[in-house]
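J.: below: sequence and its predicted model.
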Amino acid sequence: MYVNASIVTLDYSPDNPCIVIDLPKSVNETASLVVPGGCDMTAKELLQWLGEHDCDSILPYFERATPRLEGKDVIPPDGVLYEHVFKRLNINSGGYVAEGV
């Protein structure tokens, strides 16, 4: 199987949604494509989820964002435009290098 999982375009803009293939443990089951369908978490629920899932490296960006991002801002039903999320969080798209973190 070959999967081009790059989120960047030919111009290195992170505009493509991620590709996730769920590979089952049993060889008798087939692999499936996982497609995000949006996220309805509130800003508070999203912060809590990030804190509970070892996302310490990005949690401060979400805590400082004003207005706070909700789940629909991070995982919209029609796919994620990562550059938009990076701008809202004041993150350089080349890495986590915003001031104060």
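T.: All right, it came through fine.
J.: so residue 72 touches residue 42, yeah?
T.: No: if you go by C-beta atoms under 8 Å, residue 72 and residue 42 don't touch, sitting 9.7 Å apart. Heads up, the C-betas are built off the backbone N, CA and C, glycines and all.
J.: for the protein, what are the low-confidence residue spans?
T.: The chain contains residues with pLDDT under 70 at 1-6, 17-20, 34-37, 76-84, 86, 91-101.
J.: strands of that one, start to end?
T.: Secondary structure of the chain by DSSP state E: the strands cover 20-22, 32-34.
J.: leaving out the residues flanking it, which one is nearest to residue 50?
T.: Computed as C-beta to C-beta, 6 or more residues apart in numbering, the closest residue to residue 50 that is not its neighbour in sequence is residue 59, at 4.9 Å.
J.: show me the contacts for the one you found.
T.: Residues near residue 59 by C-beta atoms under 8 Å, 6 or more residues apart in numbering: 47, 50-51.
J.: ok, residues contacting the longest helix anywhere in the chain?
T.: Determined from DSSP state H, the single longest helix within the chain is helix 43-52. For helix 43-52, contacts defined as C-beta under 8 Å, 6+ apart pick out 39, 41, 58-59, 62-63, 67-71, 74.
J.: mind checking which of those residues are buried?
T.: Listed as buried from the contacts of helix 43-52 are 39, 41, 62, 69-71, 74; burial here means 16 or more other C-beta atoms under 10 Å.
J.: would TSV of the residues you listed with distance to residue 10 be doable?
T.: TSV is the format used below for the buried ones among the contacts of helix 43-52 (distance: C-beta to C-beta, whole Å):
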residue	distance to residue 10
39	28
41	33
62	30
69	28
70	31
71	30
74	25
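J.: greatest separation within those residues: which pair is it?
T.: Largest separation among these by C-beta to C-beta: 39 and 62, giving 13.1 Å.
J.: so how many other residues sit close to residue 45?
T.: Other residues near residue 45 come to 13 when the count uses other C-beta atoms under 10 Å.
J.: no wait, residue 73
T.: Residue 73 has 19 neighbouring residues, counting by other C-beta under 10 Å.
J.: so it touches residue 87, yeah?
T.: No: under the criterion of C-beta under 8 Å, residue 73 makes no contact with residue 87, lying 11.2 Å away.
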